[in-house]
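From the sequence below, what's the structure:
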Amino acid sequence: MTTFVLVPGFWLGGWAWDEVAAALREAGHRVYAVTLTGLAERAGEASPEVDVRTHVDDIVGLIEGEDLREVVLVGHSGANMPVTGAADRIPGRLARVVYVDSGPLPSGMAQIDFNDPGERTEVEKRVAEEGEGWRIPPPPFDPAAEPEALAGLDEAMLARLRERATPEPLGAATWPLVRPERVPATPKTMIACTVPLAAVRQMVDGGAPVFAMLAGPEWTFHELPTGHWPMLSRPAELAALLGGL
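Now for the predicted structure:
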């Protein structure tokens, strides 16, 4: 039996992992699906003060509060930041860190810095006009605008995303994570979905600034070709991958 802690990306709550969690539990594993402060059923806790540090505390608080050990900590998309922060703080409680269609960013870099200038400007505009200056509204989840990211999702699942997604506290995207001088050598895995694994390896080997964080003997890689939301588009396959780590 493995203990999994599953952390969803921006705009989502623990509900996004329902099918993956069910499959893992059926296989005999222990599973905790996290809803971070300010999201989903915890939307009432949202405030301008919520940031990456808050979400790191959420994860650490769960793992320490439940006295979990040998944890496989899984982060999807924008959850890379709090998952990385938690992994840096409590490496002794973790067996592995898994990044789903994501990866750790360099020290001092915020999630929003990963966007190109045009994308960042668009995010800031939506925050100002629709998010009261401190929340990032969910995207429209329009497959015509994002065919690759939304690949594998039917209309029912898209409708579910639109209905259940909640605004993301801006601090989750703008607060930079400062890594320790010596990053723990916890085993790490990337599951590539929207970017082919061959392209990921090329960028890692080429020393691309962000992808350079994925270099080292502690890293392993898997590929699950689908859109950016594999827990929804291919939950059985994702659960099988996680269970086989």
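
now the strands for this protein?
Assigned by DSSP state E, the strands in the chain fall at 3-7, 30-33, 71-76, 94-100, 135-136, 168-169, 188-192, 219-223.

Using PDB, list the CA coordinates for the third one.
When you say that, I think you mean strand 71-76. Taking C-alpha atoms only, strand 71-76 is exported to PDB below (Å, rounded to 0.1, in the frame of the first residue of the first chain):
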ATOM      1  CA  VAL A  71       4.100   9.800   0.900                       C
ATOM      2  CA  VAL A  72       3.900  10.000  -2.900                       C
ATOM      3  CA  LEU A  73       3.100  13.700  -3.300                       C
ATOM      4  CA  VAL A  74       1.400  14.500  -6.600                       C
ATOM      5  CA  GLY A  75       1.000  17.900  -8.100                       C
ATOM      6  CA  HIS A  76      -0.900  18.800 -11.300                       C
END
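
when you give positions from now on, start the count at 490
Understood, numbering begins at 490; the last thing we discussed is strand 560-565.

Contacts for that strand, please.
491-498, 501, 505, 548, 552, 571-573, 575-576, 582-591, 719-720, 731, 734 (C-beta atoms under 8 Å, 6 or more residues apart in numbering). C-beta: built from backbone N, CA, C; applies to glycine.

Restricting to C-alpha, output stretch 521-533 in PDB.
Coordinates of each C-alpha in stretch 521-533 appear next as PDB, following Å, rounded to 0.1, in the frame of the first residue of the first chain:
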ATOM      1  CA  TYR A 521      -5.900  12.100   0.200                       C
ATOM      2  CA  ALA A 522      -7.200  14.500  -2.400                       C
ATOM      3  CA  VAL A 523      -6.400  18.100  -1.300                       C
ATOM      4  CA  THR A 524      -8.500  21.200  -1.800                       C
ATOM      5  CA  LEU A 525      -6.200  24.200  -1.200                       C
ATOM      6  CA  THR A 526      -7.300  27.300   0.700                       C
ATOM      7  CA  GLY A 527      -9.700  29.500  -1.400                       C
ATOM      8  CA  LEU A 528     -10.700  26.900  -3.900                       C
ATOM      9  CA  ALA A 529     -13.900  24.700  -4.500                       C
ATOM     10  CA  GLU A 530     -15.500  23.900  -1.100                       C
ATOM     11  CA  ARG A 531     -13.000  26.200   0.500                       C
ATOM     12  CA  ALA A 532     -13.800  29.200  -1.700                       C
ATOM     13  CA  GLY A 533     -15.100  31.100   1.300                       C
END
